[in-house]
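J.: starting from these lines, generate the structure:
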Amino acid sequence: MIPSYQQFMRPFLEIANAANGHEVRLRDVINELADKFSLSEEERAETIPSGKQTILDNRVGWARTYLTKTKLLETKRRAHLVITQRGIDARNDAGATIDVNYLKQFDEYHQFVGQQNTSKDPSTQQSNDEDVTPDEALRAAYKKINDALSEEILERTRKVTPAFFEALLIELLLAMGYGGSGEGAAHALGKSGDNGVDGVIDQDPLGVDQIYIQAKRYAEGNNISAGDIRDFFGALNLKKAQKGIFITTSDFTSSAMQTAKDLGTRIVLINGKELARLMLRYNIGSRDEQVLHLKKIDEEFFEN
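T.: Residues are numbered from 1 along each chain as shown. Predicted structure coming up:
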């Protein structure tokens, strides 16, 4: 298990202190910490949701940020650090747990987080900080908001009229890039069905290839069975279709998913949760309220 950024603080100082006043390279520190905590290759390679950085790099990076902001470490040049006298004192205090609560005794910490230092004694302070990095906390809050929004958008979708559901699916599929932007790219969705097929959409703007669709606006718990999948498969065969999408606002039974996997025709299953996720991603029934940009220092700019 990868330690939290706070758990990396003391061993980070110990590695820097062992350099006897010389600089330590951040990448070397990260590697030493990974060895110290016996992290597996999988743990070392595990990335944050964006995929642009490993969790290990991210958490050690935040430990470095807090320690430099509170003057326990000092950055001499790009990705190279040296321990300060304050850092040496902290490291030599064997009984101290070096974490956010410990750092709150320093004015620099409160300047960094934008809070006022009301007490110099960290033992008298109550910490509201979770043991996660600020960007991890932000991503967790983002996921919590989106999960709640997904549940609401799915519940509302289950209650719309058949005609509204038809228009919703057409708008979603067009937003996903099917059919281009021409009129008639999607049609007959949500109607009573044509030999077991609810609709068809052009896969490309010219309509060279088409995808057939089955859509079921079902309540939660009314799951699609293997028989429903076989019926759809039979309908696709009648139309000599090679591709189909089965959409439901409920879910698929395990036997239905296995049946779709076993059949030769390519059938994509979209359950209620996936439908809600796609609606959020493509802003169908939702809209962007506020856009937050996470930025970081451009090291190459300052290096040059």
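J.: now the most centrally placed residue in the chain: how far from Thr249?
T.: Centroid-nearest residue in the chain: Pro49, 4.3 Å away (criterion: CA atoms, centre = their mean). In this view, Pro49 and Thr249 are 26 Å apart by CB to CB, to the nearest Å. Placement of C-beta: from N, CA and C, glycine included.
J.: ok, Asp147 next?
T.: Using CB to CB, we find Asp147 at a distance of 17 Å from Thr249.
J.: circling back to that earlier point, and the residue nearest to the centre of the chain, that one's in a helix?
T.: No: counting by DSSP: H, G, I helix; E, B strand; the rest coil, Pro49 is not found in a helix; it is coil.
J.: backbone phi and psi for His76, please?
T.: Small correction: residue 76 is Lys, not His. Per-residue torsions, Lys76: phi -90, psi -40 (degrees, to the nearest 10).
J.: sorry, back to before: who's more crowded, Asp147 and Thr249?
T.: More crowded of Asp147 and Thr249, by other CB atoms under 10 Å: Thr249, with 24 against 13.
J.: my guess is that one meets Lys273, correct?
T.: No: contact criterion CB atoms under 8 Å: Thr249 and Lys273 do not qualify, at 9.7 Å.
J.: between those two, which contacts overlap?
T.: Listed as contacting both Thr249 and Lys273 by CB atoms under 8 Å, 6 or more residues apart in numbering are Leu154.
J.: check contacts around the spatially closest residue to Thr157 that is not a sequence neighbour.
T.: Distance criterion CB to CB, 6 or more residues apart in numbering; nearest residue to Thr157, sequence neighbours excluded, is Thr249 at 5.7 Å. If you count contacts by CB under 8 Å, 6+ apart, Thr249 has them with 154, 157-158, 216-219, 272, 275.
J.: just among those residues, which is most surrounded?
T.: Of all these, Gly272 has the most neighbours under the rule other CB under 10 Å, reaching 25 neighbours.
J.: which residues touch it?
T.: 154, 157-158, 220, 248-251.
J.: out of the residues you listed, the closest to Ile284 would be?
T.: Set against Ile284, the nearest of the contacts of Gly272 by CB to CB is Thr157 (9.4 Å).
J.: the helix or strand that closest one falls within - contacts with which helices or strands?
T.: Per DSSP states H and E, Thr157 falls inside helix 134-159. Packing contacts for helix 134-159, counted by 3 or more CB pairs under 8 Å, 6 or more residues apart in numbering; DSSP states H and E, involve helix 55-69, helix 272-281.
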